[in-house]
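Asker: What follows is a predicted structure for the sequence shown.
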Amino acid sequence: MKLDELKHVLRASAAIANENSMVVVGSQAILLLMEQPPESILVSREVDLYPALHPERADLIDGAIGMHSSFHETFGYFADGVGPETAVMPADWMTRASLHYIGDITAICPELHDLSVSKCVAGREKDADFVRELLKQGLISSDTLKERIAMLDTSKYPVSHIQNWAERRLAEAKAAP
């Protein structure tokens, strides 16, 4: 995905949801967080987001410009309307979030370590690729990542398992050429 494609999804999502503040919680938030993110991280064709003030309107976005929509078929990328519960991050992640302005639209993005925590919790292969690449490129600190994982609610999440998963990604990143 490219920045102009992300901006297109944000504009369309804002119009559909009738709201100008969007929370971008997927990997493509990196397009707003970094001036020149590595190409190896920009493989996803979807933008995970939800309206900040009315997250319940994410379903409208998903239905109109989500996967297999005419928007997706036309442009080759799409929005994945998610909810605040989709990306599991430390409870205080919003204190580190950044605001990005695209015209009159405000995109709220988690800090890169918080975003990486959500990937560690999800633990899919594509999440492993994302976290491994961030570690390999030195874009996140393994110590900070571990600290943020430790901030998760241990009554809801297997924090030690998530820590181990992140440690394996670090080992893989170090072993990669």
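Answerer: Here it is on my side, so go on.

Asker: For stretch 44-56, could you pull out the residues that count as buried?
Answerer: 44, 46-52, 55 (16 or more other C-beta atoms under 10 Å). C-beta coordinates here come from the backbone N, C-alpha and C atoms, glycine included.

Asker: meant to ask about stretch 94-106, not that
Answerer: Buried-residue list, stretch 94-106, by 16+ other C-beta under 10 Å: 97, 100, 102, 105-106.

Asker: Now tell me what touches stretch 86-103 from outside.
Answerer: 7, 10-11, 25-26, 32-33, 48, 50, 106-111, 114-115, 117-118, 121-122, 148, 151-153, 157 (C-beta atoms under 8 Å, 6 or more residues apart in numbering).

Asker: Can you give me the end-to-end span of that stretch?
Answerer: 27 Å (C-alpha to C-alpha, to the nearest Å).

Asker: what pLDDT, on average, does that stretch get?
Answerer: The predicted model assigns stretch 86-103 a mean pLDDT of 97.

Asker: got a list of what Leu49 touches?
Answerer: Per C-beta under 8 Å, 6+ apart, neighbours of Leu49: 9-10, 13, 22-26, 58, 61, 79-82.

Asker: On the three-state scheme, it is what?
Answerer: strand (DSSP: H, G, I helix; E, B strand; the rest coil).

Asker: Show me what it bridges to in the sheet.
Answerer: As for beta bridges, Leu49 partners with Val24, Gly81 under DSSP bridges.

Asker: Against Leu3, how distant is it?
Answerer: Leu49 is 15 Å from Leu3, where distance means C-beta to C-beta, to the nearest Å.

Asker: gap between Gly138 and Lys174?
Answerer: 11 Å.
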